[in-house]
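Asker: Have a look at this fold, sequence not included:
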């Protein structure tokens, strides 16, 4: 079993929809949680990061961490075609430790 | 412009022929790392470096070597490539590898080993 699980999709939604992307993990030591966006033929870019449990909002994006359930989510409000990409969750236990990535979820937002 | 560059972007080679993929960053970052990305497996870390002359193994180091002689450069060396090293490779850097440090990724190198 992988340490971080993520549904590969693809997830197809109409423009304007609310999107929910999720990851589950097994390592209770993870404290730092991140979401990366990766466009086709590009390297990943950091979207959001959260330390420990709780919510964090940045514009149309909200990241949620539930450490008790070992479950993290990324919500995208008012989704746009430009949001079409692969979304990767990543996490690590301590500062300086290596990141463990989920396999990525491919999102397609149709106009 | 702040960036991580990799070369080459695409490479087709044959089994056993030594190759080097270069990585360079212009942000004076201390922390650099190499990942490979395979379908369904996500990104897996190969090696990382906390600073000059300091390197350590990641998740999947077998068959790879790295060196960090200068702060800006972190080449990935495949001494004897094999077909199972066919993958998409990313170099990344961050200020110090801390918990909330942003990792900046290069554009990727698509390697095919025949």
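Answerer: Alright, I've got the coordinates. As the structure is a computational prediction, the values presented were derived from the model and not from experiment.

Asker: contacts and neighbour counts: CA atoms only from here.
Answerer: OK.

Asker: can you list the residues of chain B near chain A?
Answerer: The interface of chain B toward chain A, taken as Cα under 8 Å from any Cα of the partner chain, is made up of B:39-45, B:48, B:58, B:90, B:96-100, B:102-108.

Asker: what residues does chain A put near chain B?
Answerer: So chain A meets chain B at A:8, A:32, A:41-46, A:49, A:51, A:88, A:92, A:94-104 (Cα under 8 Å from any Cα).

Asker: Extract the residue ranges of the chain that are flagged as low pLDDT.
Answerer: The chain I'm using is chain A. Along chain A, segments meeting pLDDT under 70 span A:95-97.

Asker: look at chain B instead
Answerer: Using pLDDT under 70, the flagged stretches of chain B are B:97-100.

Asker: returning to that earlier point: emit the PyMOL select command for whichever of the residues of chain A next to chain B are buried.
Answerer: Filtering those down to the buried ones (16 or more other Cα atoms under 10 Å in any protein chain shown) takes a single PyMOL command:
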select buried, chain A and resi 8+32+43+44+45+46+49+51+88+92+94+96+98+99+100+101+102+103+104
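
Asker: So what pairs up with residue B:90 in the strands?
Answerer: Residue B:90 has these beta-bridge partners by DSSP bridges: residue B:35.

Asker: would you list every one of the strands in chain A?
Answerer: With DSSP state E as the criterion, chain A has strands at A:4-5, A:11-14, A:19-25, A:32-38, A:45-51, A:54-58, A:61-66, A:71-76, A:85-92, A:100-101, A:105-110.

Asker: Sweet, I'm off.
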